[in-house]
Structure formats: C-alpha cells, structure tokens
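A.B. asks: this one's sequence-less:
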C-alpha cells in the first residue's frame, strides 16, 4: 500500500493512572484521576480529548461535559437514574454522568426486570403468528411484511425501545466509575443530532432486540434484522468513544434459532456511525463476540463531506465483519490489533471493508491469522473504495493486504486516497508490539484507581 507522508514519532504524551479520590462536590462521587505530563492532574470525569487525537479533535475539539457545574454532575446506578440524569435530548447544558456498576436497561422505573413477553403484552404480537403470516412459501419474497402482525411487532418493539434506548444530549460525558464494573446491559446509547459527546470506561453487553423484523428482500434468501446498536451515532459530531468494551455476552449468536432458514438475529451493531455523523475518534476499545461490529455510513448515499472517523489502538477479537465497514468518508485506521481467531462461534469474514468511494488510510496495524486463514480475506470492498497506508503486519510479517486482496478479487480496492491524515496523536510507526501492549491498555476497567 502506498505510504502517506505524515509519519510521527511515538506518543509524546503519556497518561499515568494514579489513585482515585473522593470529591466533595455534590453528586460527583468517587472518580479516577489521571496525570498528564503537560496538564497536571485531571479527574477522569472531566478529562477531554487530547489535542490532535483523531478527527474528533478537529475544530473546537471534543470536551463533552467537562464544563459542567456541580448541579449537572450525576452518579447513577439504575436505569431510572440514568434516564433522569440524561434529561431532555434538547438540553445543551454541559453534564457529566458517572455510571456506577452495571445498569440493566430491561427494567421498569422501579427496577423490576422486564422480559420480551412484557413488551409484547397488549400488542397482539406473537412470534408463532408472525411466522405463519409471513412464511415465504405463502407470503412471497417480493415485499416487506405488512398487516396485523407486522403492526403488532412494531408496537412491541416500540415498547422495548422506551426502556432500552437512552438519548444522549449535546455536551455530555458518560463515564464508568472505575472499580465498579461499570456498564449497560441490554441498552442502546443514541447520540443523535447532537455535538460534543464523550463515552468512556463502560462495558456494553447483550444489546438485544426482542422483535427482529423479517425482510424477504434482504439478499437472495432474506434476513432477520434487529433494531438496536450498543452505541449509535446519527448526525452526531465531535464524539470520543474511549476505553469501552463491546460484547454480545452472555448470549452469543451461536445460540440464535433459525426461521425461514435464516438466523433469527437479535443483535445489530456495536458502534455504528451513520446519517452524516462526523468528527469521531474511536480509541482503545475492545470489540469482541459480535457479528456486524462497526458501520460508517448507513448507505451508499450517506452524506458526502461527512463521516470523518479515526479508529486507533483498539482490539478486535471474535468478530465476524465490519471492523469497520466504511462508506464515503475519510477514515484513519491505525495501531489496531485484529485477532481473526474464531471465538465462541464468531468466525471472521473480513475486517476492513472500503466501499462507496470511502477514503481509508490503514497503517501500522497488526493482524493475527490462525493456520489455514487467508490473508486475501482480511479486506473487502465493492470496487470503488480505497485503502492506502503501510506498516501493516500479519503474524509479525510486513504484508501488503491490498495486493493480497486484489489478487483474489474482481472488485479491486484502490490504493490511493484524496487526503493525508494530520490529526495523528499517538501514532506508533511500528505495530510489532501491539498484541502485547493493547492487551492491557484497552477496554473498560483499565482506567482504574
């Protein structure tokens, strides 16, 4: 792959974790403190995206709720508390929301556990009736389901959404309290039509749709499609997702049933960046036990001139595809570790997919490929996307992944792009130590006291 001219030395800013301290401000609770060589001590909840740290550092940068006054700093441990702290999605006042422990999104305001049957109650929906109504042998394959059972399914799904979808306002930091196994189970953070959001130190697990929709027109044999990403960005700008863990656990796809011969898929994306979202940095996360991991651009006609995304120092293991799937935008993928070993039944199809004229620079990443794995299948594309960059290693050996892919595919990836990355803080010009280094510096729970 052609090499861009923006190489930089190793990270000049090193973050050192020190002990957590109790802060007296009302509602702040216990937070971790970090020591920055240039800025001194800054508590985790108030930390902002460092300068030049990817596309989210562009322009005004990403500061989240760092300017929140004491009245807008919250510590929450239940779904109801989280909803209250988030407030209206149109309220732009800076706020910090610290999640302490694991919040179960599938609960009511009193904390009572809710099941799929609770959401379907009163809607008239039943899976058996739905399967009978839209059986391709009688309903056909030329149109989406419509009628009584599809209306009922949509109503049941809407009831679940009221519990599990959390709308994040502008100028917000959502951060896990270190040492508490902070995270959200079964929930979906929706960052829509807002600017300046930080999401850090959280585990997102088991984001599941009780009511997938059958689409007989999706592909040659139809597909079941679910509704909720663990984190979804739609027309969102200046977003920093850092040190989070994304997983389907404990309910892996291998346990999904099949109907009409197709997997009844209850999981959607881990972190999808769509509908003209822009200026996003995805850093030091772990993506594991998942199929459709990250989508950049919802379609081939998503917003031109948007979708600027930086993805660096993440671990991808036990994922099937979309690491990421990029459309249209300018995407920088550097210093990531891709382990393509099959885990819990999640067998890889590809990692990076560049399509719809996406301009991807992928450099200094490391891939582990088990015996029998094919380097030609690490990338994918539609014949219009580009992947440039160099310094990529496969099992420790410098490898031209684009050349390997193009030699085996009729839909060639282009090898030049129309831009040169400049927001490259932390870019390491050697990938050889990434498997070891990133094992202990990525994901939720690393930022500890």
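C.D. replies: It's in. Fair warning: this is a prediction, and the values are worked out from it, not measured in the lab.
A.B. asks: Averaged pLDDT, the helix or strand harbouring residue 280. What do you get?
C.D. replies: Per DSSP states H and E, residue 280 falls inside strand 278-283. The average pLDDT within strand 278-283 is 98.
A.B. asks: packing partners for that strand?
C.D. replies: Here strand 278-283 touches strand 237-242, strand 309-312, going by 3 or more Cβ pairs under 8 Å, 6 or more residues apart in numbering; DSSP states H and E. Heads up, the C-betas are built off the backbone N, CA and C, glycines and all.
A.B. asks: and the residue nearest to residue 275 when sequence neighbours are not counted, how far is that from residue 84?
C.D. replies: Nearest non-adjacent residue to residue 275, counting by Cβ to Cβ, 6 or more residues apart in numbering: residue 234, 4.1 Å away. Noted for residue 234: a distance of 23 Å to residue 84, by Cβ to Cβ, to the nearest Å.
A.B. asks: Over to residue 256?
C.D. replies: For residue 256, the distance to residue 84 - Cβ to Cβ - is 34 Å.
A.B. asks: And for residue 58?
C.D. replies: For residue 58, the distance to residue 84 - Cβ to Cβ - is 33 Å.
A.B. asks: Name the residue in these two with the higher neighbour count.
C.D. replies: Using other Cβ atoms under 10 Å as the criterion, residue 58 and residue 84 rank with residue 58 on top: 19 against 13.
A.B. asks: what sits against that one?
C.D. replies: 238, 279, 308, 423 (Cβ atoms under 8 Å, 6 or more residues apart in numbering).
A.B. asks: my guess is the second one meets residue 240, correct?
C.D. replies: No: here residue 279 lies out of contact with residue 240, judged by Cβ atoms under 8 Å, at a distance of 9.7 Å.
A.B. asks: so what sits against both of these two?
C.D. replies: 56, 62.
A.B. asks: what about the two, which has more around it?
C.D. replies: The residue with more neighbours, out of residue 279 and residue 240, is residue 240; 29 against 26, by other Cβ under 10 Å.
A.B. asks: who's in contact with the more buried one?
C.D. replies: Applying Cβ under 8 Å, 6+ apart, the residues near residue 240 are 49, 53, 56, 62, 64, 197-200, 280-281, 283.
A.B. asks: Make a markdown table from the residues you listed and add distance to residue 389, neighbour count and secondary structure to it.
C.D. replies: As requested, the contacts of residue 240 are exported to a markdown table (distance: Cβ to Cβ, whole Å; neighbours: other Cβ atoms under 10 Å; DSSP: H, G, I helix; E, B strand; the rest coil):
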| residue | distance to residue 389 | neighbour count | secondary structure |
| --- | --- | --- | --- |
| 49 | 23 | 23 | coil |
| 53 | 19 | 23 | strand |
| 56 | 20 | 28 | helix |
| 62 | 24 | 28 | coil |
| 64 | 30 | 29 | coil |
| 197 | 28 | 28 | strand |
| 198 | 27 | 27 | strand |
| 199 | 27 | 26 | strand |
| 200 | 27 | 23 | strand |
| 280 | 19 | 29 | strand |
| 281 | 18 | 27 | strand |
| 283 | 18 | 24 | strand |
